[in-house]
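> here's my sequence, what's the structure:
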Amino acid sequence: MTSTGIVRDNDPNHSGNMKHALVIPLALQGHVAGTYRFALQLARRGVTITFVTMASDIPKMKAYEELQGLNFNLISYSPSLTPPSSAAKLSHIKDLIASTGVHFSPILEELKARQKVGLPGPTCVIYDWFFTWATDVAEQLNLPLYTFYSCGAILTRYLQEAPRLVSEEGPLRIKEDGTLQEFEGSLNIAGLPPLMMADLPMSVRHLPQTTVSMGKAMETAAVVIVNTFYELEYPQIDAIERRLEEQAFASGKKKTELFLVGPLSNITTFKDLTFTRVGAKPGLDTEGVESLQWLQSQPYQSVLFICMGSMNIWKPQQVYELALALEASEQRFLWVLPTGPHLSSLDAVLPTGFEQRMRRMGLVANGWVPQLQILTHPAVGGFLTHCGWNSLIESISSGVPLIYWPQGAEQHLNRRYFVDVLKIGVDIGPREVDSSLVRHEEFEKAFRLLMLKDEGKEIRSRVQELMLKARAAGTSGGPSSRALDELTKRIPGNYTSIPAQ
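Reported below is the predicted structural model:
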(Lines give C-alpha, C1' and ligand atoms only; values in the text may rest on other atoms or scores of the structure.)
Protein backbone atom coordinates (compact mmCIF):
# COMPACT_ATOMS: atom_id res chain seq x y z
CA MET A 1 0.00 0.00 0.00
CA THR A 2 1.52 3.29 -1.14
CA SER A 3 0.58 5.96 1.36
CA THR A 4 1.15 9.44 2.60
CA GLY A 5 -0.23 8.23 5.89
CA ILE A 6 -3.69 7.40 7.25
CA VAL A 7 -2.93 10.17 9.68
CA ARG A 8 0.29 11.91 10.59
CA ASP A 9 1.14 10.34 13.95
CA ASN A 10 3.21 13.36 14.99
CA ASP A 11 0.52 15.88 14.03
CA PRO A 12 -0.02 18.07 17.13
CA ASN A 13 -3.52 18.93 15.92
CA HIS A 14 -4.67 15.33 15.94
CA SER A 15 -5.57 12.91 18.69
CA GLY A 16 -7.63 9.75 18.89
CA ASN A 17 -10.78 11.74 19.62
CA MET A 18 -10.81 13.96 16.52
CA LYS A 19 -13.39 14.06 13.73
CA HIS A 20 -11.92 11.88 11.01
CA ALA A 21 -13.63 10.59 7.84
CA LEU A 22 -12.38 7.64 5.83
CA VAL A 23 -13.54 8.52 2.28
CA ILE A 24 -13.72 5.81 -0.40
CA PRO A 25 -14.64 7.03 -3.92
CA LEU A 26 -15.14 4.92 -7.03
CA ALA A 27 -12.18 5.37 -9.38
CA LEU A 28 -14.13 6.93 -12.24
CA GLN A 29 -13.66 10.60 -13.07
CA GLY A 30 -17.17 11.83 -12.24
CA HIS A 31 -17.24 9.91 -8.97
CA VAL A 32 -13.76 10.96 -7.83
CA ALA A 33 -14.44 14.60 -8.74
CA GLY A 34 -17.66 14.83 -6.76
CA THR A 35 -16.30 12.91 -3.79
CA TYR A 36 -13.12 15.00 -3.70
CA ARG A 37 -15.09 18.26 -3.69
CA PHE A 38 -17.30 16.95 -0.92
CA ALA A 39 -14.35 15.76 1.18
CA LEU A 40 -12.65 19.12 0.69
CA GLN A 41 -15.67 20.87 2.19
CA LEU A 42 -15.49 18.63 5.27
CA ALA A 43 -11.75 19.29 5.61
CA ARG A 44 -12.37 23.03 5.47
CA ARG A 45 -14.76 22.57 8.39
CA GLY A 46 -12.14 20.94 10.60
CA VAL A 47 -12.53 17.25 9.76
CA THR A 48 -9.47 15.11 9.12
CA ILE A 49 -9.85 13.30 5.79
CA THR A 50 -8.28 10.02 4.72
CA PHE A 51 -8.99 9.81 0.99
CA VAL A 52 -8.37 6.47 -0.73
CA THR A 53 -7.51 6.68 -4.42
CA MET A 54 -5.40 5.20 -7.21
CA ALA A 55 -1.61 5.23 -6.80
CA SER A 56 -1.22 7.23 -10.02
CA ASP A 57 -3.38 10.04 -8.58
CA ILE A 58 -1.36 10.62 -5.40
CA PRO A 59 1.50 12.82 -6.75
CA LYS A 60 -0.90 14.96 -8.75
CA MET A 61 -3.47 15.44 -5.99
CA LYS A 62 -0.75 16.32 -3.47
CA ALA A 63 0.00 19.35 -5.65
CA TYR A 64 -3.52 20.76 -5.29
CA GLU A 65 -3.30 24.18 -3.67
CA GLU A 66 -6.71 23.66 -2.02
CA LEU A 67 -5.26 20.94 0.20
CA GLN A 68 -2.47 23.05 1.63
CA GLY A 69 -2.94 23.59 5.36
CA LEU A 70 -5.75 21.03 5.64
CA ASN A 71 -5.65 17.65 7.36
CA PHE A 72 -6.27 15.83 4.09
CA ASN A 73 -4.38 12.53 3.90
CA LEU A 74 -4.05 10.61 0.64
CA ILE A 75 -3.55 6.86 0.62
CA SER A 76 -3.62 4.53 -2.34
CA TYR A 77 -4.37 1.00 -3.34
CA SER A 78 -1.68 -1.23 -4.81
CA PRO A 79 -0.35 0.15 -8.13
CA SER A 80 -1.69 -3.03 -9.76
CA LEU A 81 -5.22 -1.61 -9.39
CA THR A 82 -5.85 0.78 -12.28
CA PRO A 83 -8.99 2.65 -13.35
CA PRO A 84 -10.81 1.50 -16.49
CA SER A 85 -10.16 3.24 -19.78
CA SER A 86 -12.74 5.35 -21.56
CA ALA A 87 -13.63 2.20 -23.51
CA ALA A 88 -14.70 0.40 -20.35
CA LYS A 89 -17.85 -1.67 -20.56
CA LEU A 90 -20.29 -2.18 -17.71
CA SER A 91 -18.73 -5.59 -17.00
CA HIS A 92 -15.39 -3.83 -16.47
CA ILE A 93 -16.99 -1.47 -13.97
CA LYS A 94 -18.44 -4.46 -12.11
CA ASP A 95 -14.97 -6.02 -12.00
CA LEU A 96 -13.51 -2.72 -10.77
CA ILE A 97 -15.98 -2.63 -7.88
CA ALA A 98 -15.07 -6.16 -6.83
CA SER A 99 -11.31 -5.77 -7.29
CA THR A 100 -11.32 -2.49 -5.37
CA GLY A 101 -12.86 -4.32 -2.44
CA VAL A 102 -10.08 -6.91 -2.60
CA HIS A 103 -7.37 -4.24 -2.83
CA PHE A 104 -8.90 -2.40 0.11
CA SER A 105 -8.22 -5.38 2.42
CA PRO A 106 -4.62 -4.35 3.31
CA ILE A 107 -5.85 -0.84 4.14
CA LEU A 108 -8.56 -2.29 6.35
CA GLU A 109 -6.05 -4.49 8.16
CA GLU A 110 -3.80 -1.48 8.82
CA LEU A 111 -6.76 0.49 10.17
CA LYS A 112 -7.71 -2.39 12.47
CA ALA A 113 -4.13 -2.70 13.69
CA ARG A 114 -4.02 1.02 14.50
CA GLN A 115 -7.31 0.74 16.38
CA LYS A 116 -5.98 -2.17 18.38
CA VAL A 117 -3.01 -0.22 19.75
CA GLY A 118 -4.97 3.00 20.25
CA LEU A 119 -3.51 5.07 17.42
CA PRO A 120 -5.61 7.85 15.85
CA GLY A 121 -7.88 6.79 13.01
CA PRO A 122 -11.20 7.37 11.29
CA THR A 123 -14.38 7.96 13.28
CA CYS A 124 -16.73 7.35 10.33
CA VAL A 125 -16.71 5.70 6.88
CA ILE A 126 -17.98 7.67 3.87
CA TYR A 127 -18.25 5.51 0.77
CA ASP A 128 -19.32 5.83 -2.85
CA TRP A 129 -22.73 4.23 -3.32
CA PHE A 130 -21.28 1.63 -5.73
CA PHE A 131 -19.16 0.07 -2.96
CA THR A 132 -21.66 -2.03 -1.03
CA TRP A 133 -18.73 -3.92 0.47
CA ALA A 134 -18.03 -0.80 2.56
CA THR A 135 -20.82 -1.87 4.91
CA ASP A 136 -18.51 -4.68 6.06
CA VAL A 137 -15.62 -2.22 6.45
CA ALA A 138 -17.67 -0.02 8.77
CA GLU A 139 -18.85 -3.05 10.72
CA GLN A 140 -15.32 -4.40 11.24
CA LEU A 141 -14.12 -0.98 12.39
CA ASN A 142 -17.27 -0.42 14.46
CA LEU A 143 -17.79 2.97 12.82
CA PRO A 144 -20.93 4.73 11.53
CA LEU A 145 -21.52 4.34 7.80
CA TYR A 146 -22.32 7.33 5.56
CA THR A 147 -23.33 6.83 1.91
CA PHE A 148 -22.30 9.51 -0.58
CA TYR A 149 -24.17 9.90 -3.87
CA SER A 150 -22.18 11.95 -6.39
CA CYS A 151 -25.24 11.56 -8.62
CA GLY A 152 -28.56 13.33 -8.16
CA ALA A 153 -31.61 12.50 -6.08
CA ILE A 154 -33.38 10.97 -9.07
CA LEU A 155 -30.98 8.00 -9.21
CA THR A 156 -30.76 7.89 -5.42
CA ARG A 157 -34.54 7.56 -5.29
CA TYR A 158 -34.55 4.76 -7.88
CA LEU A 159 -31.88 2.81 -5.99
CA GLN A 160 -33.86 3.24 -2.78
CA GLU A 161 -36.79 1.47 -4.43
CA ALA A 162 -34.73 -1.19 -6.26
CA PRO A 163 -35.24 -3.95 -3.65
CA ARG A 164 -39.02 -3.54 -3.80
CA LEU A 165 -39.14 -3.23 -7.59
CA VAL A 166 -37.66 -6.69 -8.20
CA SER A 167 -39.32 -8.42 -5.24
CA GLU A 168 -42.06 -11.00 -5.77
CA GLU A 169 -44.66 -8.26 -5.40
CA GLY A 170 -42.72 -5.79 -7.56
CA PRO A 171 -43.25 -5.00 -11.26
CA LEU A 172 -39.76 -5.94 -12.51
CA ARG A 173 -38.32 -9.37 -13.23
CA ILE A 174 -34.76 -10.61 -13.64
CA LYS A 175 -34.01 -13.03 -16.49
CA GLU A 176 -31.94 -16.19 -16.16
CA ASP A 177 -28.90 -14.42 -17.61
CA GLY A 178 -29.07 -11.87 -14.77
CA THR A 179 -30.31 -8.94 -16.87
CA LEU A 180 -33.59 -7.10 -16.44
CA GLN A 181 -36.57 -8.41 -18.38
CA GLU A 182 -37.99 -5.76 -20.68
CA PHE A 183 -41.37 -4.31 -19.81
CA GLU A 184 -44.01 -2.49 -21.81
CA GLY A 185 -45.53 0.83 -20.88
CA SER A 186 -44.08 2.89 -18.06
CA LEU A 187 -42.72 2.24 -14.59
CA ASN A 188 -44.28 4.43 -11.90
CA ILE A 189 -42.25 5.25 -8.79
CA ALA A 190 -43.31 7.87 -6.27
CA GLY A 191 -41.30 11.05 -6.82
CA LEU A 192 -40.10 10.14 -10.32
CA PRO A 193 -41.57 10.85 -13.75
CA PRO A 194 -43.00 7.80 -15.58
CA LEU A 195 -40.04 5.75 -16.81
CA MET A 196 -39.74 3.69 -19.97
CA MET A 197 -37.33 0.78 -20.26
CA ALA A 198 -34.91 2.99 -22.23
CA ASP A 199 -34.83 5.53 -19.37
CA LEU A 200 -33.40 3.08 -16.85
CA PRO A 201 -29.69 3.28 -16.01
CA MET A 202 -27.42 0.74 -17.68
CA SER A 203 -26.59 -0.78 -14.30
CA VAL A 204 -30.30 -1.35 -13.67
CA ARG A 205 -30.84 -2.98 -17.05
CA HIS A 206 -27.73 -5.15 -17.07
CA LEU A 207 -26.90 -5.64 -13.36
CA PRO A 208 -30.28 -5.39 -11.59
CA GLN A 209 -29.22 -7.53 -8.64
CA THR A 210 -26.29 -5.21 -8.00
CA THR A 211 -28.67 -2.24 -7.78
CA VAL A 212 -30.78 -4.21 -5.31
CA SER A 213 -27.68 -4.58 -3.13
CA MET A 214 -27.10 -0.83 -3.40
CA GLY A 215 -30.63 -0.16 -2.22
CA LYS A 216 -30.27 -2.53 0.72
CA ALA A 217 -26.93 -0.94 1.69
CA MET A 218 -28.66 2.44 1.85
CA GLU A 219 -30.95 1.06 4.56
CA THR A 220 -27.96 0.28 6.80
CA ALA A 221 -26.38 3.74 6.50
CA ALA A 222 -26.61 6.23 9.34
CA VAL A 223 -26.45 9.09 6.86
CA VAL A 224 -27.25 9.52 3.15
CA ILE A 225 -25.51 12.44 1.39
CA VAL A 226 -26.57 13.64 -2.08
CA ASN A 227 -24.95 16.15 -4.43
CA THR A 228 -28.11 18.15 -5.13
CA PHE A 229 -30.26 20.94 -3.71
CA TYR A 230 -33.94 20.93 -2.79
CA GLU A 231 -35.31 23.28 -5.46
CA LEU A 232 -33.74 21.18 -8.22
CA GLU A 233 -35.17 17.79 -7.21
CA TYR A 234 -37.81 18.32 -4.54
CA PRO A 235 -40.19 15.55 -5.80
CA GLN A 236 -37.48 12.90 -5.43
CA ILE A 237 -36.14 14.37 -2.20
CA ASP A 238 -39.56 14.38 -0.53
CA ALA A 239 -40.10 10.78 -1.66
CA ILE A 240 -36.70 9.71 -0.29
CA GLU A 241 -37.52 11.26 3.08
CA ARG A 242 -40.92 9.52 3.24
CA ARG A 243 -39.34 6.16 2.46
CA LEU A 244 -36.63 6.66 5.09
CA GLU A 245 -39.35 7.38 7.63
CA GLU A 246 -41.26 4.24 6.61
CA GLN A 247 -38.12 2.12 6.94
CA ALA A 248 -37.34 3.54 10.37
CA PHE A 249 -40.89 2.87 11.57
CA ALA A 250 -40.85 -0.69 10.23
CA SER A 251 -37.45 -1.54 11.73
CA GLY A 252 -37.79 0.35 14.99
CA LYS A 253 -34.37 1.87 14.36
CA LYS A 254 -33.30 5.50 14.19
CA LYS A 255 -34.19 7.16 10.89
CA THR A 256 -31.37 7.53 8.39
CA GLU A 257 -30.55 11.22 8.00
CA LEU A 258 -30.55 12.85 4.56
CA PHE A 259 -28.12 15.69 3.78
CA LEU A 260 -28.27 17.70 0.54
CA VAL A 261 -24.83 19.21 -0.09
CA GLY A 262 -25.04 20.31 -3.73
CA PRO A 263 -24.27 21.83 -6.02
CA LEU A 264 -20.69 20.82 -5.28
CA SER A 265 -19.70 22.37 -8.61
CA ASN A 266 -21.16 25.79 -7.77
CA ILE A 267 -18.98 28.48 -9.31
CA THR A 268 -19.18 30.60 -6.16
CA THR A 269 -17.34 27.95 -4.14
CA PHE A 270 -15.41 25.88 -6.69
CA LYS A 271 -13.81 28.29 -9.11
CA ASP A 272 -10.59 26.32 -9.49
CA LEU A 273 -11.42 22.64 -9.20
CA THR A 274 -12.35 21.35 -12.66
CA PHE A 275 -9.39 22.29 -14.79
CA THR A 276 -8.96 18.98 -16.58
CA ARG A 277 -9.28 15.40 -15.51
CA VAL A 278 -9.35 14.86 -11.78
CA GLY A 279 -5.77 14.05 -10.84
CA ALA A 280 -4.26 16.42 -13.38
CA LYS A 281 -1.85 19.01 -12.07
CA PRO A 282 -3.67 22.26 -11.25
CA GLY A 283 -3.48 24.93 -13.93
CA LEU A 284 -4.40 25.22 -17.58
CA ASP A 285 -2.74 23.29 -20.37
CA THR A 286 -2.37 24.67 -23.90
CA GLU A 287 -5.87 23.59 -24.94
CA GLY A 288 -7.42 25.30 -21.93
CA VAL A 289 -5.61 28.58 -22.51
CA GLU A 290 -6.46 28.58 -26.21
CA SER A 291 -10.13 27.83 -25.51
CA LEU A 292 -10.53 30.71 -23.06
CA GLN A 293 -8.66 33.11 -25.32
CA TRP A 294 -10.87 32.15 -28.26
CA LEU A 295 -14.05 32.70 -26.22
CA GLN A 296 -12.92 36.25 -25.47
CA SER A 297 -13.46 37.15 -29.13
CA GLN A 298 -16.99 35.67 -29.39
CA PRO A 299 -20.33 37.52 -29.03
CA TYR A 300 -22.43 37.25 -25.87
CA GLN A 301 -24.21 33.87 -25.43
CA SER A 302 -23.40 32.87 -29.01
CA VAL A 303 -21.25 29.78 -28.51
CA LEU A 304 -22.47 26.19 -28.13
CA PHE A 305 -20.11 24.23 -25.86
CA ILE A 306 -19.88 20.55 -26.85
CA CYS A 307 -18.37 18.15 -24.33
CA MET A 308 -19.42 14.53 -23.84
CA GLY A 309 -17.55 13.52 -20.70
CA SER A 310 -14.44 11.47 -20.03
CA MET A 311 -15.87 8.03 -20.85
CA ASN A 312 -17.45 8.77 -24.22
CA ILE A 313 -16.06 7.16 -27.37
CA TRP A 314 -16.60 9.30 -30.45
CA LYS A 315 -17.49 7.20 -33.50
CA PRO A 316 -16.09 8.60 -36.77
CA GLN A 317 -19.48 8.73 -38.52
CA GLN A 318 -21.02 10.54 -35.54
CA VAL A 319 -18.23 13.13 -35.57
CA TYR A 320 -18.91 13.68 -39.27
CA GLU A 321 -22.68 14.16 -38.77
CA LEU A 322 -22.20 16.64 -35.93
CA ALA A 323 -19.68 18.62 -37.97
CA LEU A 324 -22.14 18.79 -40.88
CA ALA A 325 -24.79 20.17 -38.52
CA LEU A 326 -22.50 22.84 -37.10
CA GLU A 327 -21.51 24.05 -40.53
CA ALA A 328 -25.03 23.96 -42.02
CA SER A 329 -26.53 25.82 -39.05
CA GLU A 330 -23.64 28.33 -38.90
CA GLN A 331 -23.62 27.77 -35.16
CA ARG A 332 -20.62 29.10 -33.22
CA PHE A 333 -19.09 26.28 -31.18
CA LEU A 334 -16.34 25.10 -28.86
CA TRP A 335 -16.08 21.35 -29.39
CA VAL A 336 -14.03 19.13 -27.06
CA LEU A 337 -12.96 16.22 -29.26
CA PRO A 338 -10.05 14.35 -27.65
CA THR A 339 -7.90 12.21 -29.90
CA GLY A 340 -6.86 8.77 -28.72
CA PRO A 341 -6.94 5.07 -29.63
CA HIS A 342 -10.47 5.31 -31.02
CA LEU A 343 -9.97 8.66 -32.77
CA SER A 344 -6.36 9.00 -33.82
CA SER A 345 -6.75 11.87 -36.30
CA LEU A 346 -9.34 14.65 -36.60
CA ASP A 347 -8.49 15.16 -40.29
CA ALA A 348 -9.63 11.60 -40.98
CA VAL A 349 -13.12 12.06 -39.50
CA LEU A 350 -14.04 15.73 -39.99
CA PRO A 351 -15.35 16.90 -43.37
CA THR A 352 -12.51 17.98 -45.65
CA GLY A 353 -11.54 21.57 -44.87
CA PHE A 354 -13.99 21.83 -41.94
CA GLU A 355 -11.65 23.51 -39.46
CA GLN A 356 -10.37 25.95 -42.07
CA ARG A 357 -13.87 26.97 -43.18
CA MET A 358 -15.15 27.26 -39.60
CA ARG A 359 -12.06 28.89 -38.05
CA ARG A 360 -13.95 32.12 -37.28
CA MET A 361 -17.08 30.33 -36.07
CA GLY A 362 -15.69 27.50 -34.01
CA LEU A 363 -12.80 25.82 -32.24
CA VAL A 364 -12.09 22.10 -31.97
CA ALA A 365 -10.09 21.26 -28.82
CA ASN A 366 -8.50 17.82 -28.99
CA GLY A 367 -7.35 17.87 -25.37
CA TRP A 368 -8.94 18.68 -22.02
CA VAL A 369 -10.40 22.08 -21.19
CA PRO A 370 -11.58 23.87 -18.00
CA GLN A 371 -15.27 23.02 -18.25
CA LEU A 372 -16.52 25.12 -15.35
CA GLN A 373 -14.64 28.21 -16.51
CA ILE A 374 -16.00 27.74 -20.01
CA LEU A 375 -19.60 27.33 -18.84
CA THR A 376 -19.39 30.55 -16.84
CA HIS A 377 -17.91 32.54 -19.72
CA PRO A 378 -20.34 35.19 -21.06
CA ALA A 379 -19.86 33.99 -24.65
CA VAL A 380 -21.30 30.53 -23.93
CA GLY A 381 -25.02 30.26 -24.63
CA GLY A 382 -25.65 26.51 -24.70
CA PHE A 383 -24.20 23.14 -23.73
CA LEU A 384 -24.49 19.89 -25.72
CA THR A 385 -23.96 17.30 -22.99
CA HIS A 386 -24.02 13.57 -22.34
CA CYS A 387 -26.16 14.28 -19.24
CA GLY A 388 -23.60 13.22 -16.65
CA TRP A 389 -24.60 14.62 -13.27
CA ASN A 390 -21.52 16.78 -12.75
CA SER A 391 -22.00 18.40 -16.16
CA LEU A 392 -25.71 18.99 -15.57
CA ILE A 393 -25.24 20.62 -12.20
CA GLU A 394 -22.30 22.72 -13.42
CA SER A 395 -24.40 23.96 -16.32
CA ILE A 396 -27.30 24.86 -14.02
CA SER A 397 -24.96 26.64 -11.61
CA SER A 398 -23.68 28.63 -14.59
CA GLY A 399 -27.14 29.42 -16.00
CA VAL A 400 -26.46 27.67 -19.32
CA PRO A 401 -29.33 25.80 -21.07
CA LEU A 402 -28.72 22.31 -22.37
CA ILE A 403 -29.08 19.99 -25.32
CA TYR A 404 -29.43 16.43 -24.03
CA TRP A 405 -27.59 13.57 -25.71
CA PRO A 406 -27.28 10.75 -23.13
CA GLN A 407 -24.79 7.95 -23.80
CA GLY A 408 -25.09 5.49 -20.91
CA ALA A 409 -24.83 5.08 -17.12
CA GLU A 410 -27.76 6.96 -15.48
CA GLN A 411 -27.77 9.65 -18.16
CA HIS A 412 -31.08 8.60 -19.76
CA LEU A 413 -32.74 8.80 -16.34
CA ASN A 414 -31.33 12.29 -15.79
CA ARG A 415 -32.51 13.34 -19.24
CA ARG A 416 -36.07 12.18 -18.59
CA TYR A 417 -36.41 14.40 -15.51
CA PHE A 418 -34.70 17.42 -17.06
CA VAL A 419 -36.85 17.19 -20.22
CA ASP A 420 -40.26 16.28 -18.80
CA VAL A 421 -40.21 18.07 -15.45
CA LEU A 422 -37.62 20.85 -15.34
CA LYS A 423 -37.92 21.78 -19.04
CA ILE A 424 -34.51 23.46 -19.12
CA GLY A 425 -33.14 22.03 -22.34
CA VAL A 426 -33.71 20.48 -25.73
CA ASP A 427 -33.84 16.74 -26.37
CA ILE A 428 -32.40 15.41 -29.60
CA GLY A 429 -34.77 12.45 -29.28
CA PRO A 430 -35.06 9.22 -27.28
CA ARG A 431 -32.71 6.43 -28.28
CA GLU A 432 -33.46 2.84 -27.39
CA VAL A 433 -29.96 1.79 -28.43
CA ASP A 434 -27.11 3.89 -27.03
CA SER A 435 -24.97 3.43 -30.13
CA SER A 436 -27.58 4.58 -32.68
CA LEU A 437 -26.48 7.34 -35.04
CA VAL A 438 -27.87 10.86 -34.68
CA ARG A 439 -28.23 12.49 -38.10
CA HIS A 440 -27.11 16.04 -38.76
CA GLU A 441 -30.69 17.21 -39.34
CA GLU A 442 -31.58 16.37 -35.73
CA PHE A 443 -28.61 18.33 -34.41
CA GLU A 444 -29.44 21.32 -36.61
CA LYS A 445 -33.01 21.40 -35.33
CA ALA A 446 -31.84 21.32 -31.71
CA PHE A 447 -29.21 24.02 -32.26
CA ARG A 448 -31.69 26.43 -33.82
CA LEU A 449 -34.38 25.76 -31.24
CA LEU A 450 -32.09 26.41 -28.27
CA MET A 451 -29.98 29.25 -29.64
CA LEU A 452 -32.38 31.17 -31.90
CA LYS A 453 -36.07 30.49 -31.28
CA ASP A 454 -38.50 31.79 -28.65
CA GLU A 455 -38.70 28.37 -27.00
CA GLY A 456 -34.97 28.61 -26.40
CA LYS A 457 -35.45 31.97 -24.69
CA GLU A 458 -38.03 30.41 -22.35
CA ILE A 459 -35.64 27.55 -21.56
CA ARG A 460 -32.86 30.05 -20.85
CA SER A 461 -35.12 31.97 -18.48
CA ARG A 462 -35.99 28.81 -16.52
CA VAL A 463 -32.38 27.65 -16.19
CA GLN A 464 -31.28 31.08 -14.99
CA GLU A 465 -33.94 30.98 -12.28
CA LEU A 466 -32.47 27.65 -11.15
CA MET A 467 -28.98 29.16 -11.34
CA LEU A 468 -29.91 31.73 -8.70
CA LYS A 469 -31.27 28.98 -6.44
CA ALA A 470 -28.19 26.82 -7.01
CA ARG A 471 -25.84 29.65 -6.10
CA ALA A 472 -27.93 30.56 -3.06
CA ALA A 473 -27.77 26.93 -1.90
CA GLY A 474 -24.00 26.77 -2.11
CA THR A 475 -23.04 30.14 -0.68
CA SER A 476 -22.12 30.66 2.96
CA GLY A 477 -25.26 30.40 5.06
CA GLY A 478 -27.24 28.73 2.25
CA PRO A 479 -29.06 25.41 2.78
CA SER A 480 -26.28 23.23 1.35
CA SER A 481 -23.66 25.09 3.36
CA ARG A 482 -25.76 24.63 6.51
CA ALA A 483 -26.21 20.94 5.67
CA LEU A 484 -22.44 20.53 5.49
CA ASP A 485 -22.12 22.29 8.85
CA GLU A 486 -24.70 19.95 10.40
CA LEU A 487 -23.13 16.88 8.84
CA THR A 488 -19.76 17.89 10.26
CA LYS A 489 -21.33 18.06 13.72
CA ARG A 490 -22.66 14.49 13.27
CA ILE A 491 -19.20 13.05 12.62
CA PRO A 492 -17.95 11.62 15.93
CA GLY A 493 -15.06 13.39 17.65
CA ASN A 494 -13.79 16.90 18.14
CA TYR A 495 -12.72 19.30 15.43
CA THR A 496 -9.20 18.68 14.16
CA SER A 497 -8.56 22.38 13.82
CA ILE A 498 -10.48 25.63 13.81
CA PRO A 499 -13.05 25.21 11.00
CA ALA A 500 -12.36 27.38 7.95
CA GLN A 501 -14.64 30.37 7.62
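> and the residue lying farthest from the centre of the chain, what pLDDT?
Distance from the C-alpha centroid of the chain, by CA atoms, centre = their mean, peaks at residue 117 (37.8 Å). pLDDT for residue 117: 94.
> quick one: contacts for residue 302?
332, 379, 381, 451 (CB atoms under 8 Å, 6 or more residues apart in numbering). For every residue, glycine as well, the C-beta is placed using N, CA and C.
> farthest pair in these?
379 and 451 (12.4 Å; CB to CB).
> who has more neighbours, these two?
Neighbour tally, residue 379 and residue 451, criterion other CB atoms under 10 Å: the higher count belongs to residue 451, 22 against 19.
> list phi and psi for the more buried one.
The phi/psi pair for residue 451 (degrees, to the nearest 10) reads phi -90, psi -20.
> among the contacts of residue 302, which lie within strands?
332, 381 (DSSP state E).
> ok, the contacts of residue 302 vs residue 255, which is closest?
Checking the contacts of residue 302 against residue 255 by CB to CB gives residue 381 as the nearest, at 44.1 Å.
> okay, the closest one and residue 335: tell me how far apart.
Distance, residue 381 to residue 335, by CB to CB, to the nearest Å: 15 Å.
> pLDDT below threshold where in the chain?
1-16, 83-91, 266-287, 340-341, 429-435, 497-501 (pLDDT under 70).
> ranges for the strands of it?
20-24, 48-53, 72-76, 124-128, 145-149, 223-226, 257-260, 303-307, 332-336, 362-365, 380-385, 402-404, 425-427.
> what angle separates the second one from strand 72-76?
Relative orientation of strand 48-53 versus strand 72-76 (axes from the mean of the first three to the mean of the last three CA atoms, to 10 degrees): 30 degrees.
> now do the fifth one
Here strand 145-149 runs at an angle of 90 degrees relative to strand 72-76 (the same axes, to 10 degrees).
> please name every helix or strand in contact with strand 145-149.
helix 29-44, strand 124-128, helix 134-141, helix 208-220, strand 223-226 (3 or more CB pairs under 8 Å, 6 or more residues apart in numbering; DSSP states H and E).
> and the shortest one, what other elements does it pack with?
Looking back up the chat, that one is strand 223-226. Partner elements for strand 223-226 (3+ CB pairs under 8 Å, 6+ apart): strand 145-149, helix 153-165, helix 230-251, strand 257-260, helix 479-490.
> contacts for the third one?
Counting contacts by CB under 8 Å, 6+ apart, the residues outside helix 230-251 that touch it are 152-154, 156-157, 160-161, 189-192, 219, 224, 226, 228, 254-256, 258, 260, 262-263, 393, 396, 417, 421-422, 466, 469-470, 473, 479.
> let's go with 7 Å and repeat that
152-154, 156-157, 160, 190-192, 219, 254-256, 258, 260, 396, 466, 469, 479 (CB atoms under 7 Å, 6 or more residues apart in numbering).
> list the contacts for residue 53?
Contacts for residue 53 (CB under 7 Å, 6+ apart) come out as 25, 27, 32, 61, 74, 76.
> redo those as CSV? Include distance to residue 439 and neighbour count.
Below are those laid out as CSV (distance: CB to CB, whole Å; neighbours: other CB atoms under 10 Å):
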residue, distance to residue 439, neighbour count
25, 38, 27
27, 36, 23
32, 35, 23
61, 42, 23
74, 46, 20
76, 45, 21
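> sorry, back to before: who wins for proximity to residue 293 among the helices and strands packed on strand 145-149?
Among the helices and strands packed on strand 145-149, the nearest to residue 293 by CB to CB is helix 29-44 (25.0 Å).
> quick one: the closest one to strand 72-76, angle?
140 degrees.
> and helix 29-44, how far out from the chain middle?
Relative to its chain's centre, helix 29-44 lies at 10 Å (CA atoms, centre = their mean, to the nearest Å).
> same question for stretch 352-364.
On CA atoms, centre = their mean, the centre of stretch 352-364 falls 32 Å from the chain's centre.
> next, the buried residues of that stretch.
354, 358, 361-364 (16 or more other CB atoms under 10 Å).
> if we can go back for a sec, determine which two of the contacts of residue 53 are furthest apart.
Comparing every pair within the contacts of residue 53 by CB to CB identifies 27 and 74 as the most remote, at 13.4 Å.
> mind putting the strands of the chain into TSV with distance to residue 315?
What follows is these, written out as TSV (distance: least, CB to CB, whole Å):
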stretch	distance to residue 315
strand 20-24	34
strand 48-53	31
strand 72-76	34
strand 124-128	30
strand 145-149	31
strand 223-226	33
strand 257-260	37
strand 303-307	15
strand 332-336	15
strand 362-365	16
strand 380-385	16
strand 402-404	18
strand 425-427	20
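> out of those strands, which is closest to residue 169?
strand 223-226 (24.4 Å).
> show me what contacts the nearest residue to residue 424 once chain neighbours are set aside?
Leaving aside its chain neighbours, residue 424 sits nearest to residue 463 (4.3 Å; criterion: CB to CB, 6 or more residues apart in numbering). For residue 463, the contacting residues are 396, 399-401, 424, by CB under 7 Å, 6+ apart.
> compare those residues and tell me which is most surrounded.
Among the contacts of residue 463, residue 396 has the most neighbours (other CB under 10 Å), with 30 neighbours.
> ok, now which ones touch it?
232, 263, 463, 466-467, 470.
> by neighbours, which of those residues wins?
Busiest of those [other CB under 10 Å] is residue 263, holding 31 neighbours.
> wait, doesn't that residue sit right on residue 470?
Yes. Between residue 263 and residue 470 there is a contact at 5.0 Å, judged by CB atoms under 7 Å.
> joint contacts of the two?
Between them, residue 263 and residue 470 share the contacting residues 229, 396-397, judged by CB under 7 Å, 6+ apart.
> output those in CSV; the columns should cover distance to residue 100.
Below are the shared contacts of residue 263 and residue 470 laid out as CSV (distance: CB to CB, whole Å):
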residue, distance to residue 100
229, 30
396, 31
397, 30
